[in-house]
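Colleague: Okay, predicted coordinates and the sequence, questions at the end:
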Amino acid sequence: MLGLKNVAVIGAGGNLGPFVTEKLAEAGFHTTIIIRPESKYTLPDSHAHLTNHLLRVKRCAFDEESLTAAFHGQDVVVVMIGKGVAILSQKTIIDAAARAGVKRFFPSEFGSNTLSAELLRNVPAMKAKAMILTYLQQKAAAHPALKWTAICNGAFFDWGLTSGFLGFNLQEQTANIYGSGNQHFHATMRSTIGLAIVSALRNPDTENKYLYISNISTSQRELLSVLEMNSGSPWKVTSKDVMVERAEGMDKLARQDFSGMGQLILADLYGEGKGTVDPVELDNELLGLEAVGLERLVSRTMQCSI
Ligand SMILES: NC(=O)c1ccc[n+]([C@@H]2O[C@H](COP(=O)([O-])OP(=O)(O)OC[C@H]3O[C@@H](n4cnc5c(N)ncnc54)[C@H](OP(=O)(O)O)[C@@H]3O)[C@@H](O)[C@H]2O)c1
């Protein structure tokens, strides 16, 4: 055991945050959810079984002084803030963590492989995450007590399927299939990401590492066949051209239309590149994560989304 007990979480109210927060508190970590002054965050009903001493909420200004005070006594900081400029706001959070003596820092990665030059070409906005990782590594080099761990999990399987992001509309039983639809991509349940963080906090071999995890490597065609089998009828399929999607996404971003971001991420995920998780070098075993079959992942996703 590394003796890491107190964990501060930023971004607990987003798409990923509730799953990570729940796994941390269930594993016995004293978890403090740090929210901005203007935040509308409230503890979700799914956290009702977690006792007060394991989970608390602290409202805090996001300047370096206030965050340093908030991080005092915290061993770990996990950041799960979302979009755009918010990613760069992690510089202040990293500075405060180093000053407060935090021992482990998880930057807001949790998706595509930001170490991949191909990803940064295909989805230029990901450079912000890559910059933050470099900044964190430099800070850790100057403050040896501060270690970092980054998690690269590919697509969120459950969120991607239920939100329609992965190209499937569960209500209308339609699918947008990119290219041949046979390109494999990695995907991970959000609860698995929570388990990965818990494991990483118990294992010194995860210090200062960029870790690749995934529940499954699958393709859109394989996913479609499970969905069709479950619904008992064929789905209506629309073909999408990866190159057209990429060009449209780039064009939208050039016009400050950030809806292009999703198109670029999907063109990368379903394109021929390796911008997502490196398929060869998974760290599932190091973190004690199990591979899960596609049918089980789909059924777990459906159960949770009811
Ligand atoms: N792999 C995938 O498929 C996938 C999908 C979605 C997201 N992601 C990644 O997962 C991570 C978390 O994303 P998410 O969608 O869960 O996050 P999100 O919903 O966009 O935001 C999470 C929380 O961040 C806080 N926040 C927003 N802007 C902030 C700012 N400027 N400064 C400080 N806090 C701010 C807010 O909390 P308060 O208002 O309570 O302070 C918000 O509830 C990101 O790295 C994202 O890129 C991956």
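Modeller: Alright, I've got the coordinates.

Colleague: For the stretch 1-150 of the chain, which residues score under the pLDDT cut-off?
Modeller: The model of the stretch 1-150 of the chain has pLDDT under 70 over residues 1.

Colleague: all strands of it, in order?
Modeller: Under the criterion DSSP state E, counting those that start in this stretch, strands of the stretch 1-150 of the chain are mapped to 6-10, 30-35, 55-59, 76-79, 104-106, 147-152.

Colleague: hey, which of those is tucked in deepest?
Modeller: Greatest average neighbour count among the strands of the stretch 1-150 of the chain goes to strand 76-79 (a mean of 27), per mean count of other C-beta atoms under 10 Å. Using the backbone N, CA and C atoms, a C-beta is placed for each residue, glycine as well.

Colleague: just checking, what packs against that strand?
Modeller: In this structure, strand 76-79 packs against strand 6-10, helix 90-100, strand 104-106, with contacts taken as 3 or more C-beta pairs under 8 Å, 6 or more residues apart in numbering; DSSP states H and E.

Colleague: closest one to the ligand among those?
Modeller: Proximity to the ligand, assessed across the helices and strands packed on strand 76-79 by C-beta to the nearest ligand atom, is greatest for strand 6-10 (6.1 Å).

Colleague: For that closest one, what is the distance to the chain centroid?
Modeller: 16 Å (C-alpha atoms, centre = their mean, to the nearest Å).

Colleague: Over to stretch 7-22?
Modeller: Worked out by C-alpha atoms, centre = their mean, stretch 7-22 lies 10 Å from the chain centre.

Colleague: who touches the residue of the stretch 201-306 of the chain found nearest the ligand in this structure?
Modeller: For the stretch 201-306 of the chain, the residue closest to the ligand is residue 265, as judged by C-beta to the nearest ligand atom, at 7.8 Å. For residue 265, the contact set (C-beta atoms under 8 Å, 6 or more residues apart in numbering) comprises 111, 112, 123.

Colleague: picking that back up, can you redo the strands of the stretch 1-150 of the chain as JSON lines, where the extra columns are distance to the ligand?
Modeller: Putting the strands of the stretch 1-150 of the chain into JSON lines (distance: least, C-beta to the nearest ligand atom, whole Å) gives the following:
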{"stretch": "strand 6-10", "distance to the ligand": "6"}
{"stretch": "strand 30-35", "distance to the ligand": "4"}
{"stretch": "strand 55-59", "distance to the ligand": "9"}
{"stretch": "strand 76-79", "distance to the ligand": "8"}
{"stretch": "strand 104-106", "distance to the ligand": "10"}
{"stretch": "strand 147-152", "distance to the ligand": "9"}
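
Colleague: Alright, that wraps it up for me.
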